[in-house]
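Peer 1: Using only what follows, build the 3D model:
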Amino acid sequence: MKHYIYILVAIVSIVLTACGTSKDVPYMTNADQIPQEVLAKAWHNADPILMPGDLLYINVSGTNPEAVKPFNKTEYITTTGSSTLNNQENSMFYYLVDNNGNIDFPLLGKLHVSGMTKNATENYIASQIYPRYLTEKPGVEVRLQNFSVYVTGEVKSPGEIKAPNGRLNLLEALAKAGDLTIQGRRDNVLILHTNADGSRTIKRANLNDAQFILQPEFNLQQNDIIYVEPNSSRARSSWSIPPALTLTMSSIGTLISIVTLVVTLTK
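Peer 2: Sure, this is the predicted structure:
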């Protein structure tokens with residue numbers, strides 16, 4: 001009878017454990033409690049910050065195409081015969097942010113853009129051109145060509161996630177990685193970020209709590225690494241007895257068997 005009681009207790013414990021952890025599976029369980037005006041403000045700082053190694057497309061435009069022509073690298077390179085307007089895959093079509101955070105811009109020379117947002121870079125370049133070289137303020141468009149993040153851990157498709165539009169948030173990256181597995185820990189997702197000065201910052205996000213979409217780390221930066229830890233269930237299922245311990249236990253079992261046999265024979 002006692003054996004049945006033990007089995008029943010074990011089954012109930014397993015069921016209760018499963019029920020207790022099911023609440024950790026859904027995302028943003030209290031999203032409807034965030035005021036609309038708070039949500040609106042949270043989206044204003046999604047612009048990526050430029051850093052060394054970035055590859056930029058920059059276009060300068062104006063009402064007089066001939067006047068802005070010298071400031072466009074595509075036109076500038078085409079006149080030297082090194083590239084063509086249609087060859088957008090050629091790296092010379094773009095501007096590389098060097099290790100010092102600079103780009104080499106036609107006529108303007110070295111411009112320091114590391115640490116700036118895309119919009120700030122556009123305004124900065126326009127200010128360097130007008131009114132020094134042009135009589136009207138030009139339009140400047142900057143696009144980040146190599147925006148990508150890396151997702152690893154308990155997701156269905158770990159790997160590199162690219163964002164052609166230069167913007168990506170945490171939920172989008174996880175969705176592109178196939179979402180978390182059921183063994184992924186949703187309350188402690190790690191985000192490793194490399195800053196423009198080369199330093200690193202580690203942040204963590206609780207996907208169960210909708211408040212995480214209000215945090216700065218919700219909007220990812222290029223080269224961010226997202227790691228999803230395994231939950232306790234996954235950790236338990238992956239546990240195994242070390243080979244050395246297995247051999248030791250086997251030896252002890254053999255020794256006990258021998259001792260038991262000797263004791264039995266000597267009775």
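Peer 1: okay, now residue 108: neighbour count?
Peer 2: Residues lying near residue 108 (other C-beta atoms under 10 Å) number 15. All C-beta atoms are positioned from the backbone trio N, CA, C, and that covers glycine.
Peer 1: check contacts around it.
Peer 2: 71, 125, 128, 129 (C-beta atoms under 8 Å, 6 or more residues apart in numbering).
Peer 1: again, 10 Å this time
Peer 2: Contact partners of residue 108, counting by C-beta atoms under 10 Å, 6 or more residues apart in numbering, are 70, 71, 125, 128, 129, 132, 133.
Peer 1: One more: residue 64?
Peer 2: Residue 64 makes contact with 134, 135, 136, 138, according to C-beta under 10 Å, 6+ apart.
Peer 1: Quick check: the third one touching residue 130?
Peer 2: Yes - taking C-beta atoms under 10 Å as the definition, residue 136 is a contact partner of residue 130 at 6.8 Å.
Peer 1: Find the residues that touch each one of those two.
Peer 2: What both residue 136 and residue 130 touch, as defined by C-beta under 10 Å, 6+ apart, is the set residue 62.
Peer 1: where along the stretch 101-250 of the chain do the helices fall?
Peer 2: For the stretch 101-250 of the chain, applying DSSP state H, counting those that start in this stretch gives helices covering 118-129, 170-176, 232-237, 243-266.
Peer 1: Test my guess that residue 230 contacts residue 181.
Peer 2: Yes - Residue 230 lies in contact with residue 181 (C-beta under 10 Å); the separation is 8.7 Å.
Peer 1: Name the residues contacting each of the two.
Peer 2: 153, 154.
Peer 1: next SSE after the lowest-mean-pLDDT helix or strand in the chain?
Peer 2: Across the helices and strands of the chain, mean pLDDT, DSSP states H and E gives its lowest value to helix 2-22, namely a mean of 46. Helices and strands here follow DSSP states H and E; after helix 2-22, the next one along the chain is helix 36-42.
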